[in-house]
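K.L.:
I would like to see how this sequence folds:
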Amino acid sequence: MNKKKVLVIDDEDIVRTSCSRTLAPAGFEVRLARNGVEGLKILEEGPFDLVLTDLKMPDMDGIEVLRKIKEGWPAVEVIIITGYQTVDTAVKSIKLGAFDYIEKPFTPDALITAVSKALDRKNA
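P.N.:
Numbers count the residues shown, from 1 in each chain. Predicted coordinates:
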């Protein structure tokens with residue numbers, strides 16, 4: 001069975017590490033990026049099944065990352081992870097093609113559930 005490939009884009013080391021420590025033992029192949037520019041470069045190496053991206057990052061925010069992913073890799077599912085959730089940003093990200101969003105801090109179970117649901121939709 002091929003492992004599903006997940007890219008985590010977040011400027012916080014602890015978030016990237018936590019996502020990796022949760023997803024890798026659950027059977028996912030995980031790559032990490034410190035910012036949107038680095039994440040998009042890694043996506044070019046693809047293919048990836050899913051991207052988890054922070055909303056608030058220096059240089060390029062998660063909404064811009066989401067736009068670029070949906071333009072260049074429309075089949076890739078995207079989940080926004082953020083500590084700055086508002087109804088407006090949630091609606092905006094969903095309208096732009098994000099599968100879902102999760103608020104920080106999130107539990108390992110919440111992360112696995114969100115990722116699994118997104119990949120189920122991708123495979124449907």
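
K.L.:
all helices of the chain, in order?
P.N.:
Listed in chain order, the helices of the chain (DSSP state H) span 13-23, 36-45, 62-72, 87-95, 108-123.

K.L.:
buried deepest among these, which one?
P.N.:
Of the helices of the chain, the one with the most neighbours on average (mean count of other C-beta atoms under 10 Å) is helix 62-72, at a mean of 18. C-beta here means a position set from N, CA and C on the backbone, and glycine is covered the same way.

K.L.:
before we move on, back to that, just put the helices of the chain in CSV and tack on distance to residue 30 and mean pLDDT.
P.N.:
CSV is the format used below for the helices of the chain (distance: least, C-beta to C-beta, whole Å; pLDDT from 0 to 100):
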stretch, distance to residue 30, mean pLDDT
helix 13-23, 5, 97
helix 36-45, 11, 97
helix 62-72, 17, 96
helix 87-95, 22, 83
helix 108-123, 10, 93
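
K.L.:
which one of those helices lies nearest to residue 51?
P.N.:
helix 62-72 (5.9 Å; C-beta to C-beta).

K.L.:
quick one: the helices of the chain as a markdown table, columns for distance to residue 56 too.
P.N.:
Compiled in a markdown table, the helices of the chain are given as follows (distance: least, C-beta to C-beta, whole Å):
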| stretch | distance to residue 56 |
| --- | --- |
| helix 13-23 | 11 |
| helix 36-45 | 11 |
| helix 62-72 | 7 |
| helix 87-95 | 10 |
| helix 108-123 | 18 |
